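[1] structure for the following, please:
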Amino acid sequence: MLGIWISLSWLTQTIFLHGLAWAQLTKLNVSYSSISTEQLPAWIAKETGIYAQNGLDVQLIYTAPNMGVVALLSGDTPIAQASGPGIVSSRLGGSDAVMVAAGFIALDHWLFARKEIKTAQELKGGVVAVGRIGSSNDHIARFALRSIGLTPLKDVSMMATGSPLDRLAALESGRAQATALTFPSSFVLWKRGFNILADLSTLGFPFQTTGIATTRRFIQKNSEVSKRRSKRCIDLRRIVGQRLKSWRNILLG
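    So this is what the prediction gives:
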C-alpha cells in the first residue's frame, strides 16, 4: 500500500512540476513540514535527478508546521508539500492557496502509548502529544482516540509539542502518554516496544494528508502547468517501475 501511495503522489508531483519546466522556470523553492514517508515524492525527485531532468533547480526547504502556509502565501516557497486542513483553513480565511495534487489521501498513522499503557481504558486521564492544536496531526490524533472509544479533551488532554521527533521525545520522556505518528517515527517507537492502540491504516478513513499546494496567482503566471499533462502520465508510469530500487535506497539510507 505504501508503495502505491508513493507512486501516485510522486507521479502527480512530477507531472505538475514538469509543467513549470515548460514555462522556463529554473530555480524553485519547495517547502515541506515534516520528516515522514509522505515527503518521499519530493526527496526522491531531488535525489534521483528528476527535477534536474526537467530543467528545474529545486531547493527543498524545511519549515515549521505552522509556517508552511505562511511561506507559501509570501512566495518564499511558491510550492509546498502541505496537508489539506492547513490549506483549507487558509482558503477560508481569504487566501488564494489551492491544492493541485492530492498525493496521500488516506491515513497510515499509528496511535502509540507508553509501555505501561496497554488499553484505551488505561490511557484515560493521560496526555496526547500533537504537533499543534488545530493541525492535521491534531485532527488525526483525535480521530484515532475516537476510534478506540475515547473523547478528546474529556478522557484525555491534548498537548502541542511540535515535530514528529518532538512528539516521539515527549512520549519517551513521559511528558505525554500517547501520540499519533507515521513512518519513520512510528517504526522507531514500534522497535522500542511502545504499544499500538490504533492502526488507522486499517480503518479506510479518507483524509487529505500531504499533497501539493500552491497559490492561484502562481498558477496564473505559469499557465503551461496544465498542458501535456495526459501524455506525461503515460510516460511517468513507465518510469515508476524503473525507480523502485533507488527509492528503496533513499528510504533506507
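
[2] report the rounded mean pLDDT for stretch 146-154.
    Averaged across stretch 146-154, the pLDDT comes to 95.

[3] pull the residues that contact it.
    Residues from elsewhere that reach stretch 146-154 (CB atoms under 8 Å, 6 or more residues apart in numbering): 111, 120, 123-124, 128, 141-142, 145, 156, 158, 197-198, 200, 203. Just so you know, the C-beta spots here come from the backbone N, C-alpha and C atoms, and that holds for glycine as well.

[4] which parts of it are buried?
    147-148, 150, 152 (16 or more other CB atoms under 10 Å).

[5] just name the closest of these to Ser89, please.
    Checking the buried residues of stretch 146-154 against Ser89 by CB to CB gives Pro152 as the nearest, at 18.6 Å.

[6] tell me which residue is most central in this protein.
    By CA atoms, centre = their mean, the mean C-alpha position of the chain lies nearest to Thr210, the distance being 3.5 Å.

[7] list the contacts of that residue.
    Applying CB under 8 Å, 6+ apart, the residues near Thr210 are 9, 34, 36, 38-39, 81-83, 103-104.

[8] excluding sequence neighbours, find me the nearest residue to it.
    Glu38 (3.7 Å; CB to CB, 6 or more residues apart in numbering).

[9] okay, the one you found and Ser136: tell me how far apart.
    10 Å (CB to CB, to the nearest Å).

[10] hey, what's in contact with both of the two?
    Taking CB under 8 Å, 6+ apart as the contact rule, the neighbours common to Glu38 and Ser136 are Thr209.

[11] list the buried residues of stretch 73-93.
    For stretch 73-93, the neighbour count (16+ other CB under 10 Å) marks 73, 77-87, 90-91 as buried.

[12] swap in stretch 173-187?
    176-183, 185-186.

[13] contacts for it, please.
    So stretch 173-187 is contacted by 2, 35-38, 108-114, 117, 123, 126-130, 137, 140-141, 144, 156, 159, 161, 164-165, 167-168, 170-171, 189, 197, 200 (CB under 8 Å, 6+ apart).

[14] among these, which ones are in helices?
    Among the contacts of stretch 173-187, the ones falling in helices (DSSP state H) are 2, 123, 137, 140-141, 144, 164-165, 167-168, 170-171, 189.

[15] what is the most widely separated pair among those residues?
    Spatial extent of these (CB to CB) is set by the pair Leu2 and Leu123 at 27.0 Å.

[16] out of the two, which sits in the busier spot?
    Counted by other CB atoms under 10 Å, Leu2 and Leu123 do not tie: Leu123 has more neighbours, with 23 against 14.

[17] buried set for the host helix or strand of Met99?
    In the assignment (DSSP states H and E), Met99 maps to strand 97-101. Neighbour counts over strand 97-101 (16+ other CB under 10 Å) mark 97, 99-101 as buried.

[18] equivalent analysis for stretch 131-142, please.
    Counting neighbours by 16+ other CB under 10 Å, stretch 131-142 gives 131, 135-142 as buried.

[19] what does it contact?
    The contact list for stretch 131-142, computed with CB under 8 Å, 6+ apart, reads 34, 65-66, 83-86, 89, 107, 109, 111, 128, 130, 152, 158, 160-164, 167, 179-180, 200, 207, 209.
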